[in-house]
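Q: Okay, predicted coordinates and the sequence, questions at the end:
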Number of protein chains: 2
Amino acid sequence: MTPVTTEATSDTGETIATPSVLVVEDDPHLSAGVVENLRAEGYTVHSVDDGQKALDFLQNERMSLVVLDVMLPRVDGFTVCRTLREHGNNTPVLFLTARGDPADRVRGLEAGGDDYLAKPFHLQEFLLRVRAILRRWDWYRSVSSSEADAVLRFGGNEVDFRSFRAQSWNGVPQELTEKEAMILKVLAAKPGEIVSREDLLERVWGYDVFPSTRTVDNFILRLRKRFERDPANPQHFLTVWGVGYRFLIEGEA
Amino acid sequence: MTPVTTEATSDTGETIATPSVLVVEDDPHLSAGVVENLRAEGYTVHSVDDGQKALDFLQNERMSLVVLDVMLPRVDGFTVCRTLREHGNNTPVLFLTARGDPADRVRGLEAGGDDYLAKPFHLQEFLLRVRAILRRWDWYRSVSSSEADAVLRFGGNEVDFRSFRAQSWNGVPQELTEKEAMILKVLAAKPGEIVSREDLLERVWGYDVFPSTRTVDNFILRLRKRFERDPANPQHFLTVWGVGYRFLIEGEA
DNA sequence: CAGGGCTATGACCATTCGGTGACACACCGG
DNA sequence: CCGGTGTGTCACCGAATGGTCATAGCCCTG
């Protein structure tokens, strides 16, 4: 399997370079979820599923950040990181690990990592850390896409994805839960396009068990209650019968 | 003596800026060892051997980190740090001190330092701390101990970070402990932004100490008791479910 | 070496969130 | 027009998370 490149953008141009992230993760569900969310943040995302592929890829490509699972087929994460450093590659590394063992954290740092997150993690925290790391380098200084995409406006509603806070059309402040925010984000990433329930499950839940489609419906319901003027006649969260849902910025298209 | 500049050679034409470190240490052996190891890590390293030279140097050069011995010829480390902060220079400072006196740690914090290491130290630990500080760089830009930030006011409360003394909204004087003060400081450094428990732990306790999250909760609890009018309905120390906490100067923004 | 304050942890309770089943309704094809 | 399938909606439960308290350990001080 060759590295998957999402949202191909050459980051050699300096001024408008979007941060690029390589995700090294063998669990396809987790990988998909992480990739999707990073992409929604505006990053250029690549992904591979084992340590050797990561090393191969990084020999040719320069990335802003590597999200690195510790337990990987062929070459484990620590080794990947150490090898990178020995080759003079100082790309920031964010470790992901299944165990919460604090000793692992120190090991990760000793291997030359920059940060560490134990699975299962909250996507929100993950994104916070990614931002923190990228901000440390100057990538972030310009009005990066994550800034631009942090706030979503539609039909009088306003959602801030960084604090999960929102204000509905009638001025009522809303506190979104993590899942609500993620579903909204996935839908809003492609306004007008149809997103199947399977897509939503894969992107929002990523790892962990797969809930039923009923669960997705419920979250749509909650979003409608929060943001639709008439939840029974949705203008933004539209049902595509037999498939999934579609999000519209402007009502009635 | 002019500052010695040692350029990192392993910087393979990175687009990413190499972190730069100024080492202020009068013991030539120790200095040489530290410089060499930092250089091996890929940092760009400068060094001077007394406090006045450090100040002179930092007036012209912007560094990512200052490693600062406490006992120095001419101008001691605390004074150097305090002077920097008073001039609005928020470069992260890692103190080195001969004694393990905890009071020194507090003094370092009061002077606007960011971390503290007692000599003799293990190189590995030193390097980990350097890495940890650089990782959190974005924090340190705003965590300053200049006069302006020495006193924090919110919701009728007033906190003086120099003396760890405070007065709550109802006029009751409060004596903050070190940890309480540090947590408050970290939270207040970025009002309105989410701070994860991990961040708090790392920032306040250090990269290799792992108290439970219960501990963090407890300190939040104490801060609420001290400063919230209704600790059960906090207006300033807000919980962000599944992530951490958020501090607000003004209640319910 | 005794006392006091600070810190860390465990236990227990309260709250929140996520996921499911039940049931009614809507849509579609025959 | 009717039945089957998919969806809207609600109420509920279990799990995860946070709040709070009591207590034990630690370090400093006297």
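A: Yep, that arrived.
Q: CA atoms for contacts and neighbours, from now on please.
A: OK.
Q: How far off centre is the helix or strand hosting A:F78?
A: Assigned by DSSP states H and E, A:F78 belongs to helix A:77-86. Average the C-alpha atoms of helix A:77-86, do the same for its chain, and the two points are 24 Å apart (Cα atoms, centre = their mean, to the nearest Å).
Q: Need the CA coordinates for the helix or strand following it. CSV is fine.
A: Next in sequence after helix A:77-86, counting helices and strands by DSSP H and E, comes strand A:93-97. Taking C-alpha atoms only, strand A:93-97 is exported to CSV below (Å, rounded to 0.1, in the frame of the first residue of the first chain):
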residue,chain,number,x,y,z
VAL,A,93,6.5,13.7,16.6
LEU,A,94,3.3,13.1,18.5
PHE,A,95,3.1,9.6,20.0
LEU,A,96,-0.1,7.6,20.3
THR,A,97,-0.1,4.6,22.6
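Q: ok, whichever helix or strand comes after strand A:93-97 near DNA strand C or not?
A: Going down the chain from strand A:93-97, the next helix or strand is helix A:102-110, by DSSP H and E. No - using Cα under 7 Å from any atom of the strand, no contact is recorded between helix A:102-110 and DNA strand C, whose separation bottoms out at 11.5 Å.
Q: for stretch A:230-243, same thing?
A: Yes - in terms of Cα under 7 Å from any atom of the strand, part of stretch A:230-243 sits within range of DNA strand C, namely A:W241.
Q: Can you name the residue of chain A nearest to DNA strand D?
A: In chain A, the residue found nearest to DNA strand D is A:G242; the distance is 3.4 Å by Cα to the nearest atom of the strand.
Q: Relative to chain B, how far out is that residue?
A: 34 Å (Cα to the nearest Cα, to the nearest Å).
Q: Quick one: residues in contact with the helix holding A:F78.
A: A:51-52, A:54-55, A:68-71, A:90, A:93, A:95, A:107-108, A:111-113 (Cα atoms under 8 Å, 6 or more residues apart in numbering or on different chains).
Q: ok, now with 6 Å
A: Contacts to helix A:77-86, defined as Cα atoms under 6 Å, 6 or more residues apart in numbering or on different chains, come from residues A:D69, A:V70, A:A111.
Q: Kindly present those as CSV, with separate columns for pLDDT.
A: As requested, the contacts of helix A:77-86 are arranged in CSV below (pLDDT from 0 to 100):
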residue, pLDDT
A:D69, 93
A:V70, 91
A:A111, 86
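Q: Considering those residues, which possesses the most neighbours?
A: A:D69 (28 neighbours; other Cα atoms under 10 Å in any protein chain shown).
Q: wait, it sits on A:V23?
A: No - taking Cα atoms under 6 Å as the contact criterion, A:D69 and A:V23 are not neighbours in contact, 8.3 Å apart.
Q: Please work out how many residues are found near the closest residue to DNA strand C within the stretch 51-200 of chain A.
A: Ranked by Cα to the nearest atom of the strand, the top residue of the stretch 51-200 of chain A for proximity to DNA strand C is A:K179, at 3.9 Å. Burial measure for A:K179: 16 neighbouring residues, criterion other Cα under 10 Å.
Q: That one and B:F95, how far apart?
A: Plainly put, A:K179 is 43 Å away from B:F95 if you go by Cα to Cα, to the nearest Å.
Q: With A:L187 instead?
A: When distance is defined by Cα to Cα, A:L187 is 49 Å away from B:F95.
Q: those strands in chain A, which residues are they?
A: Counting by DSSP state E, the segments of chain A that form strands are A:4-6, A:20-24, A:44-48, A:65-69, A:93-97, A:115-118, A:151-154, A:157-160, A:165-167, A:173-175, A:194-196, A:237-240, A:244-247.
Q: Reformat those as JSON lines; add distance to B:L221.
A: Supplementary listing: the strands of chain A in JSON lines, determined by distance: least, Cα to Cα, whole Å:
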{"stretch": "strand A:4-6", "distance to B:L221": "44"}
{"stretch": "strand A:20-24", "distance to B:L221": "38"}
{"stretch": "strand A:44-48", "distance to B:L221": "40"}
{"stretch": "strand A:65-69", "distance to B:L221": "34"}
{"stretch": "strand A:93-97", "distance to B:L221": "30"}
{"stretch": "strand A:115-118", "distance to B:L221": "25"}
{"stretch": "strand A:151-154", "distance to B:L221": "31"}
{"stretch": "strand A:157-160", "distance to B:L221": "27"}
{"stretch": "strand A:165-167", "distance to B:L221": "23"}
{"stretch": "strand A:173-175", "distance to B:L221": "22"}
{"stretch": "strand A:194-196", "distance to B:L221": "43"}
{"stretch": "strand A:237-240", "distance to B:L221": "40"}
{"stretch": "strand A:244-247", "distance to B:L221": "41"}
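Q: would you turn those into CSV with distance to chain B?
A: CSV is the format used below for those (distance: least, Cα to the nearest Cα, whole Å):
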stretch, distance to chain B
strand A:4-6, 21
strand A:20-24, 12
strand A:44-48, 16
strand A:65-69, 11
strand A:93-97, 11
strand A:115-118, 8
strand A:151-154, 15
strand A:157-160, 12
strand A:165-167, 11
strand A:173-175, 10
strand A:194-196, 27
strand A:237-240, 26
strand A:244-247, 26
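Q: between those strands, which has the poorest average model confidence?
A: Considering those one by one, the lowest average pLDDT is found for strand A:4-6, at a mean of 48.
Q: Can you report how many residues lie near the closest residue to A:V45 other than its chain neighbours?
A: Nearest residue to A:V45, sequence neighbours excluded (Cα to Cα, 6 or more residues apart in numbering or on different chains): A:V21, at 4.9 Å. Neighbours of A:V21 under the rule other Cα under 10 Å: 24.
Q: Could you tell me how far A:V21 is located from A:D199?
A: Between A:V21 and A:D199 the distance, using Cα to Cα, works out to 22 Å.
Q: shaky segments in the stretch 51-200 of chain A?
A: Counting by pLDDT under 70, the low-confidence segments of the stretch 51-200 of chain A come to A:99-102, A:136-149.
Q: ok, now with 80
A: Judged against pLDDT under 80, the low-scoring parts of the stretch 51-200 of chain A cover residues A:90, A:98-106, A:119-120, A:123-124, A:132, A:135-150, A:162-163.
Q: interface residues of it facing DNA strand C?
A: Selection of the stretch 51-200 of chain A residues close to DNA strand C by Cα under 7 Å from any atom of the strand yields A:E175, A:L176, A:T177, A:E178, A:K179, A:E180.
Q: one more time with 10 Å, if that's ok
A: Proximity of the stretch 51-200 of chain A to DNA strand C, by Cα under 10 Å from any atom of the strand, involves residues A:H122, A:F164, A:E175, A:L176, A:T177, A:E178, A:K179, A:E180, A:A181, A:M182, A:I183.
Q: Once you drop chain neighbours, what's closest to A:S31?
A: Once its chain neighbours are removed from consideration, A:S31 has its nearest residue in A:E25; the separation is 5.6 Å (Cα to Cα, 6+ apart).
Q: so that neighbour makes contact with A:D69?
A: Yes - with contact defined as Cα under 6 Å, A:E25 and A:D69 form a contacting pair (5.4 Å).
Q: Show me where the stretch 101-250 of chain A has its helices.
A: In the stretch 101-250 of chain A, helices defined by DSSP state H, counting those that start in this stretch lie at A:102-110, A:123-136, A:145-148, A:178-189, A:197-200, A:213-227, listed in chain order.
Q: Quick one: distance of the second one to the chain centre.
A: If I follow you right, that is helix A:123-136. Using Cα atoms, centre = their mean, the distance from the centre of helix A:123-136 to the centre of the chain it belongs to is 10 Å.
Q: Buried residues of that helix, list them for me.
A: The neighbour-count criterion (16 or more other Cα atoms under 10 Å in any protein chain shown) identifies A:123-130, A:132-136 as the buried residues of helix A:123-136.
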